[in-house]
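Novice: Here you go, sequence then predicted model.
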Amino acid sequence: MLRRTFLGAAAVLALTGAALAQEPLKIGLILPMTGPFASTGRQIEAAAKLYMQQNGDTVAGKKIQLIVKDDTGTADVTKRLAQELIVNDKIAVMAGFGLTPLALAPAPLATQAKVPAVVMAAATATITEASPYIVRTSFTLPQATVPMADWAAQNGIKKVATLVSDYGPGIDAEKAFTTAFTAKGGQVENLRVPLANPDFSPFLQKVADAKPDALFVFVPSGIGAQFMKQFVERGLDKSGIRLIGPGDVTDDDLLNNMGDVALGAITTQHYSAAHDSPENKAFVEAFKKANNGMRPNFMAVGGYDGMHLIYEGLKKTSGQGGQALIDAMKGMSWTSPRGPVSIDPQTRDIVQNIYVRKVERKDGELYNVEFATIPNVKDPVKAAKSN
Amino acid sequence: MLTILFDGMAYGMLLFVLACGLAVTLGLMNFVNLAHGAFAMAGGYVTAVLMNRYGVPFLLTLPLAFLVPALAGLVLERTLYKQLYTRSHLDQVLFSIGLVFMAVAAVDYTMGSQQQMIRIPTWLQGRVEILGIQVGLYRSFIIAVCGVLVVTLQFILTRTRFGSRLRAAVDDPRVARGLGINVSVIFAATFAVGSGLAGLGGALGAEILGLDPTFPLKFMIYFLIVVTVGGTTSITGPFLASLLLGIADVAGKYYVPSLGAFVIYTLMIVVLVLRPQGLFARAR
């Protein structure tokens, strides 16, 4: 009798042991899948799934399970979902985060639970300072805009008007550009547009009257198309005012639908679907094939690299999450579809090439064609702080 | 200076086309239809889908952008709205805001949440200089369409038999019925026209305002401001209010960019303090 119970207990123990070994590693992907920022969510989810399809769903002997949650672009929902994922699903790592407030909301949870959070989209510089467990695979706005200021100063542009949406990232971009450009002896006039602004005409008229050499613009990518149209409608493209800015205005996801109005816009960013490398050609082709012809944009590459970082990190820690994983991610470097990248061990921000691109027609489609490279750019905001 | 005035006028006119349908339903029929923007969005999507998927020329899509929402409005009026005419305004608000959320979700599901891009014909793009004023061609087109609309609507309301029947049906439906006026047919027709106008506004506005599933929520505030400032008992009230608001908004953003977004709200508050019934309405 006693022996039977003992055997039974042993069997139960063995079974649970086996079950524990089979327990999958869970990745919680929190993205805006509906609402005004759904394009970001769609791109990142597609990229993450593509990465898993290409690299298998087993890492370090453990099965990887991706849990996608929709936060509808609302910060308190992101926070609640992060909490559920950490407490109920016991995720090893969370990822995604479409916008700055959405990345900041769960930061205290990441710190408390020691769960790494991989930011794949949000781009305000300060995000990685919100928690020592945040690591970023997208970019920071100053990282993309300071090279623009340098390029403008080197290319005979002396007077610039800036036009940004009046919210965190917009102000980030405005500050970064203005500081860098005035330091090079340029002249800047700042204009801010309300985020919910249907008509750009008064602002563009002000720009037309000020007659700067270039107009620096940052608006969220959806509104970018509207902006480009009105820029052309006002005849600014023919007045000799060049259109410059970080790449959000000429987002690859929307660029082709904008039509010829986008031609000639010069932007600086870390990724273009037209980036000329074998890695990127394979990435774009596979992405389009898996997603009904949809073109990957800078959000997609952030998601793809985020998954790569998680996979490689888990390989290094043999499937351990938490502190070990975040430590493993620091300093990691690889060749991404966007070019060589690495994770800065001090700031946990991505270090990458920034490319200067011009919108051109290529094989009947509009692309951001890269024509100059600024290698290994670190986030200038944090670099300035550490000096 | 004059360019600003012109841009303001065009913007105001666009607001008018978008809002005048609401002025019709809210003002004349005394029905709080917050789902107005959903009909505007429907018109915008009709144009976008016809142009992008079937290559229909822009101008040809406009009548359809009027007809489809008008038809949808007619069906909804006969099936749903009709039940709410006699209910309180709160019921109407709750019902129509519910419709808005359903419309947003439905469009998001079927069309995706991305911006819909339309390409207006080349002869409407760009601008010309007339007497030193930079005149945008598409904006002149909007002004022309709206001008025609205002005159036609005003004519129908004040000079035709339908107009007087409508006014009678609104003021006292029981007596109107007693006089042999088919009130429910008149209401249905009016509602359909109001929805159709919204659709036309959505189609015309897609180029300037953008078009995505959150359209009805994003612009609800503008429709309401126009109707509030203009008063709801006529078409001329909202028309002049739209012009005033359009010009004030554009000029405010041009001359005082830091305060620009608030000019329109300040104006509304001033008007409401001075004339709570609306700028151009008779007191009730």
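Specialist: All right, it came through fine. Numbers count the residues shown, from 1 in each chain, chains lettered A, B, ... in the order given.
Novice: Next, the contact list for the closest residue to chain B within the stretch 1-150 of chain A, please.
Specialist: Here the residue of the stretch 1-150 of chain A nearest chain B is A:Ala38; by C-beta to the nearest C-beta that distance is 3.8 Å. Every C-beta, even on glycine, is put in place using the N, C-alpha and C of the backbone. For A:Ala38, the contacting residues are A:32, A:73, B:108, B:112-114, by C-beta atoms under 8 Å, 6 or more residues apart in numbering or on different chains.
Novice: let's see 10 Å
Specialist: A:31-32, A:70, A:72-73, A:98, A:222, B:108, B:112-114, B:212-213 (C-beta atoms under 10 Å, 6 or more residues apart in numbering or on different chains).
Novice: Mark which of those residues are part of strands, please.
Specialist: Judged by DSSP state E, the contacts of A:Ala38 include A:31, A:70 as members of strands.
Novice: Mind jotting down where the helices sit in chain A?
Specialist: Assigned by DSSP state H, the helices in chain A fall at A:2-22, A:38-55, A:75-87, A:100-104, A:107-113, A:141-154, A:168-183, A:201-210, A:221-233, A:252-258, A:278-290, A:298-316, A:322-329, A:380-386.
Novice: Can you lay out these as JSON lines showing distance to B:Val104 and mean pLDDT?
Specialist: As requested, the helices of chain A are exported to JSON lines (distance: least, C-beta to C-beta, whole Å; pLDDT from 0 to 100):
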{"stretch": "helix A:2-22", "distance to B:Val104": "42", "mean pLDDT": "52"}
{"stretch": "helix A:38-55", "distance to B:Val104": "12", "mean pLDDT": "92"}
{"stretch": "helix A:75-87", "distance to B:Val104": "17", "mean pLDDT": "94"}
{"stretch": "helix A:100-104", "distance to B:Val104": "20", "mean pLDDT": "91"}
{"stretch": "helix A:107-113", "distance to B:Val104": "30", "mean pLDDT": "94"}
{"stretch": "helix A:141-154", "distance to B:Val104": "29", "mean pLDDT": "90"}
{"stretch": "helix A:168-183", "distance to B:Val104": "25", "mean pLDDT": "89"}
{"stretch": "helix A:201-210", "distance to B:Val104": "27", "mean pLDDT": "87"}
{"stretch": "helix A:221-233", "distance to B:Val104": "15", "mean pLDDT": "81"}
{"stretch": "helix A:252-258", "distance to B:Val104": "20", "mean pLDDT": "83"}
{"stretch": "helix A:278-290", "distance to B:Val104": "28", "mean pLDDT": "94"}
{"stretch": "helix A:298-316", "distance to B:Val104": "23", "mean pLDDT": "94"}
{"stretch": "helix A:322-329", "distance to B:Val104": "39", "mean pLDDT": "92"}
{"stretch": "helix A:380-386", "distance to B:Val104": "37", "mean pLDDT": "78"}
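Novice: can I get those helices in a markdown table with distance to B:Gly230?
Specialist: Below are those laid out as a markdown table (distance: least, C-beta to C-beta, whole Å):
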| stretch | distance to B:Gly230 |
| --- | --- |
| helix A:2-22 | 68 |
| helix A:38-55 | 35 |
| helix A:75-87 | 37 |
| helix A:100-104 | 36 |
| helix A:107-113 | 47 |
| helix A:141-154 | 41 |
| helix A:168-183 | 33 |
| helix A:201-210 | 22 |
| helix A:221-233 | 26 |
| helix A:252-258 | 35 |
| helix A:278-290 | 50 |
| helix A:298-316 | 42 |
| helix A:322-329 | 58 |
| helix A:380-386 | 48 |
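Novice: In ChimeraX, how would I select the buried members of the contacts of A:Ala38?
Specialist: In ChimeraX, this line selects whichever of these come out buried by 16 or more other C-beta atoms under 10 Å in any protein chain shown:
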select /A:31,32,70,72,73,98,222 /B:108,113,114,212,213
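Novice: Minimum pLDDT in the contacts of A:Ala38, which residue is that?
Specialist: pLDDT across the contacts of A:Ala38 is lowest for A:Gly222, at 71.
Novice: That residue is in contact with A:Pro36, isn't it?
Specialist: Yes - counting by C-beta atoms under 10 Å, A:Gly222 does reach A:Pro36; the two are 6.7 Å apart.
Novice: what do the two both touch?
Specialist: Counting by C-beta under 10 Å, 6+ apart, the shared contacts of A:Gly222 and A:Pro36 are B:113-115, B:212, B:214.
Novice: what angle sits between the lengthiest helix in chain B and helix A:221-233?
Specialist: As assigned by DSSP H, the longest helix anywhere in chain B is helix B:183-209. Direction vectors for helix B:183-209 and helix A:221-233, defined by axes from the mean of the first three to the mean of the last three C-alpha atoms, to 10 degrees, enclose an angle of 80 degrees.
Novice: so how far is chain B from the closest residue to A:Ile241 other than its chain neighbours?
Specialist: Excluding its sequence neighbours, the residue lying closest to A:Ile241 (C-beta to C-beta, 6 or more residues apart in numbering or on different chains) is A:Leu215, at 5.4 Å. Distance from A:Leu215 to chain B, counting by C-beta to the nearest C-beta, to the nearest Å: 14 Å.
Novice: Enumerate every residue touching A:Leu215.
Specialist: If you count contacts by C-beta under 10 Å, 6+ apart, A:Leu215 has them with A:160-163, A:191, A:203-204, A:207-208, A:231, A:236, A:241-245, A:265.
Novice: Same question for A:Val207.
Specialist: Counting by C-beta under 10 Å, 6+ apart, A:Val207 touches A:161-163, A:189, A:191, A:200, A:214-215, A:217, A:231, A:234, A:236, A:239, A:241.
Novice: 8 Å instead?
Specialist: A:Val207 makes contacts with A:161, A:163, A:191, A:215, A:236, A:241, as judged by C-beta under 8 Å, 6+ apart.
Novice: ok, for the first one, nearest residue in space, not its chain neighbours?
Specialist: Meaning A:Ala161. Among residues not flanking A:Ala161 along the chain, A:Pro212 sits closest, at 4.4 Å (C-beta to C-beta, 6+ apart).
Novice: Name the residue most distant from the centre of chain B?
Specialist: Distance to the chain centre peaks in chain B at B:Gly178, reaching 32.5 Å (criterion: C-alpha atoms, centre = their mean).
Novice: hang on, B:Trp123 packs against B:Phe141?
Specialist: No - using C-beta atoms under 8 Å as the test, B:Trp123 is too far from B:Phe141 to be in contact (9.6 Å).
Novice: what about those two, which has more around it?
Specialist: Between B:Trp123 and B:Phe141, counting by other C-beta atoms under 10 Å in any protein chain shown, B:Phe141 is the more crowded of the two (18 against 9).
Novice: State the pLDDT value of that one.
Specialist: Looking at B:Phe141, its pLDDT reads 90.
Novice: Now do it against A:Ala324, distance only.
Specialist: From B:Phe141 across to A:Ala324, the span is 64 Å (C-beta to C-beta, to the nearest Å).
Novice: before we move on, what about A:Ile343?
Specialist: Distance, A:Ile343 to A:Ala324, by C-beta to C-beta: 15 Å.
Novice: Would you mind listing what in chain B touches chain A?
Specialist: When proximity is defined by C-beta under 8 Å from any C-beta of the partner chain, chain B lies next to chain A at B:3-4, B:7, B:10-11, B:108, B:112-115, B:117, B:119, B:125-127, B:134, B:136, B:138, B:207-210, B:212, B:214, B:218-219, B:222, B:249-254, B:257-258, B:260-261.
Novice: Just the buried ones from those?
Specialist: So, by 16+ other C-beta under 10 Å, the buried ones in the residues of chain B next to chain A are B:3-4, B:7, B:10-11, B:108, B:113-115, B:117, B:119, B:125, B:127, B:134, B:136, B:138, B:207-210, B:212, B:214, B:218-219, B:222, B:249-254, B:257, B:260-261.
Novice: and those, which of them are in helices?
Specialist: Using DSSP H, B:3-4, B:7, B:10-11, B:108, B:138, B:207-209, B:218-219, B:222, B:249-254, B:260-261 are the members of those that sit in helices.
Novice: measure stretch A:174-190 end to end?
Specialist: 8 Å (C-alpha to C-alpha, to the nearest Å).
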